[in-house]
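Undergrad: what's the 3D shape of this:
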Amino acid sequence: MKIAIVCDWLVTYAGSERVLGELLLCFPEADIFAVVDFVAPDQRHFLQNKPVKTTFIQKLPFAKKRYRHYLPLMTLAIEQLDVSSYDLIISSSHAVAKGVITGPDQLHISYTYSPMRYAWDLQHQYLKETGNERGIKGSLVKYLLHKMRLWDYRTANGVDHFITSSQFIARRIWKTYRREAEVIAPPVDTVLFTPHAEKENFYLAASRLVPYKRMDLIVESFAKMPDKKLVVIGSGPELAKIKAKATKNVEILGFQPTEILKHYLQRAKALIFAAEEDFGIVPLEAQACGTPVIAFGKGGALETITGFGQPDPTGLFFPEQTVESICQAVALFEANVSAFTVENCVKNARSYTSQIFREKIKKFVQEKCDSVQG
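TA: Just a heads-up that it's a prediction; the model follows:
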């Protein structure tokens, strides 16, 4: 069986790239296709040293730094990838990859991280954050998003079976495409992220510094709790804004390599997580380190954290993305800190290992292949 794995853009080693790496370990014979490939030489380990076949966008001006600006062209570009000689196509899609064209005798399975959030239910938030709510440019952006919705809905019909990361995103896929999706959660690296029993007197927030992560809200909350220390790890367009909000009890470390992130995850009293995330791997990495999580009670976090009040809790949730809600959650955590044990956190994280992920993926794909063959 000839297998092709089709992705969106390959630029760094983050969440979807980790899943891609696991897919390549499941199917080492697969060929890789992508809209663009700008992964640095020292980060290409997850690609198993395989070449990547790319689209015409790879050679467009400034594509390496501004590839996202070519999003309106990516719908056309993905359709130009020729996978007609493959029996099985697995798309790893958070934008356009699932739109690759396949034929009636080909099996297309899509691991879809989410329908394009900025084109669907989070469109209004996206327009507000990018300053495109009004004006001529705003009208153009709204029109392009409208056209992308039409394309996105149409191309869902080319997928035979959907897989996704959480029940939260399965509901979004149903709402958007009216298609069922099998939930196979991404793995956490329990070999790299290991427990550390001794905790220190600080809280940790670690994420890309982009608006929807709400790192600014976390920093504002700790400004109201000057007796509590917060360490922030991450970089992104919100860095200057977050630094400006930081008080003396908040330490901004910027981007840090994985080993440094692991060090802080192991020693923090708790991880603070304020995003409504599709899945959220960092809360699981924290739990693998034996560290509980104080999280916003929406999205994928509800599926990966055992909340306070349940047996063997690994964290607690705050109901609103507000300073008051986070402060109340921190106070509740400190009043019940003994309820959150290293053992419970590690046990929960180990139900998301790479081995479990690969077994589920291979079983699902095999079943769908067998059903096609009769």
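Undergrad: buried sites along stretch 111-131?
TA: Buried residues in stretch 111-131, defined by neighbour count with 16 or more other CB atoms under 10 Å: 111-120, 122-123, 126-127. In this view, the C-beta of every residue, glycine as well, is placed from N, C-alpha and C.
Undergrad: so which of the residues you listed would you say is closest to V330?
TA: V330 has its nearest neighbour among the buried residues of stretch 111-131 in L122, at 27.3 Å by CB to CB.
Undergrad: where in the stretch 101-250 of the chain is pLDDT low?
TA: Scanning the stretch 101-250 of the chain for pLDDT under 70 picks out no residues.
Undergrad: which residues in it form helices?
TA: In the stretch 101-250 of the chain, the segments counted as helices under DSSP state H, counting those that start in this stretch are 123-129, 135-155, 167-177, 215-223, 239-245.
Undergrad: just name the most buried of those.
TA: helix 215-223 (a mean of 22; mean count of other CB atoms under 10 Å).
Undergrad: helices and strands around it, which ones?
TA: Packing partners of helix 215-223 (3 or more CB pairs under 8 Å, 6 or more residues apart in numbering; DSSP states H and E): strand 203-206, strand 230-233, helix 239-245, strand 250-254, helix 323-335.
Undergrad: OK, contacts around L316?
TA: 292, 294-295, 307-308, 329, 332-333 (CB atoms under 8 Å, 6 or more residues apart in numbering).
Undergrad: can you confirm it is in a strand?
TA: Yes: counting by DSSP: H, G, I helix; E, B strand; the rest coil, L316 is part of a strand.
Undergrad: from the chain's centre, how far out does stretch 360-369 sit?
TA: Distance of stretch 360-369 from its chain centroid, counting by CA atoms, centre = their mean, to the nearest Å, is 23 Å.
Undergrad: what comes up buried for that stretch?
TA: Those would be 360-361, 364-365, 368, for stretch 360-369 by 16+ other CB under 10 Å.
Undergrad: Throw those residues into JSON lines and include secondary structure, thanks.
TA: Formatted as JSON lines, the buried residues of stretch 360-369 follow (three-state DSSP):
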{"residue": "K360", "secondary structure": "helix"}
{"residue": "I361", "secondary structure": "helix"}
{"residue": "F364", "secondary structure": "helix"}
{"residue": "V365", "secondary structure": "helix"}
{"residue": "K368", "secondary structure": "helix"}
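Undergrad: lowest-confidence one in those?
TA: Lowest pLDDT within these is found at K368 (93).
Undergrad: quick check, that residue in contact with L107.
TA: Yes: between K368 and L107 there is a contact under CB atoms under 8 Å: 6.3 Å.
Undergrad: give me the common contacts of the two.
TA: Listed as contacting both K368 and L107 by CB under 8 Å, 6+ apart are 160-161.
Undergrad: now do the same contact list for S16.
TA: Applying CB under 8 Å, 6+ apart, the residues near S16 are 7-8, 92, 94, 113.
Undergrad: what about it, helix or strand, and which?
TA: Here S16, judged by DSSP states H and E, is contained in helix 15-26.
Undergrad: follow-up on the earlier one: can you put the helices of the stretch 101-250 of the chain in CSV and add distance to P187?
TA: Output for these, formatted as CSV (distance: least, CB to CB, whole Å):
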stretch, distance to P187
helix 123-129, 29
helix 135-155, 27
helix 167-177, 16
helix 215-223, 25
helix 239-245, 29
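Undergrad: for the closest residue to V372 other than its chain neighbours, list each beta-bridge partner.
TA: Nearest residue to V372, sequence neighbours excluded (CB to CB, 6 or more residues apart in numbering): L107, at 5.5 Å. L107 forms beta bridges with L88, as assigned by DSSP bridges.
Undergrad: could you report the neighbour count for L107?
TA: Close neighbours of L107, defined as other CB atoms under 10 Å, add up to 20.
Undergrad: which among the helices of the stretch 101-250 of the chain is found nearest to I101?
TA: Among these, helix 135-155 comes nearest to I101, with 8.7 Å by CB to CB.
Undergrad: dump the closest one to PDB, keeping only the CA atoms.
TA: C-alpha atoms of helix 135-155 as PDB (Å, rounded to 0.1, in the frame of the first residue of the first chain):
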ATOM      1  CA  GLY A 135     -13.100  49.500   6.500                       C
ATOM      2  CA  ILE A 136     -12.300  48.400   3.000                       C
ATOM      3  CA  LYS A 137      -9.600  46.000   4.200                       C
ATOM      4  CA  GLY A 138     -12.000  44.500   6.700                       C
ATOM      5  CA  SER A 139     -14.700  44.000   4.000                       C
ATOM      6  CA  LEU A 140     -12.100  42.200   1.800                       C
ATOM      7  CA  VAL A 141     -11.000  40.000   4.700                       C
ATOM      8  CA  LYS A 142     -14.600  39.100   5.500                       C
ATOM      9  CA  TYR A 143     -15.300  38.200   1.800                       C
ATOM     10  CA  LEU A 144     -12.200  36.000   1.700                       C
ATOM     11  CA  LEU A 145     -13.200  34.200   4.900                       C
ATOM     12  CA  HIS A 146     -16.700  33.700   3.400                       C
ATOM     13  CA  LYS A 147     -15.100  32.100   0.300                       C
ATOM     14  CA  MET A 148     -12.800  29.900   2.500                       C
ATOM     15  CA  ARG A 149     -15.900  28.700   4.400                       C
ATOM     16  CA  LEU A 150     -17.500  27.600   1.200                       C
ATOM     17  CA  TRP A 151     -14.300  25.800   0.100                       C
ATOM     18  CA  ASP A 152     -13.700  24.300   3.500                       C
ATOM     19  CA  TYR A 153     -17.300  22.800   3.700                       C
ATOM     20  CA  ARG A 154     -17.000  21.400   0.200                       C
ATOM     21  CA  THR A 155     -13.700  19.700   0.800                       C
END
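Undergrad: ok, L47 to A30 distance?
TA: Distance, L47 to A30, using CB to CB, to the nearest Å: 11 Å.
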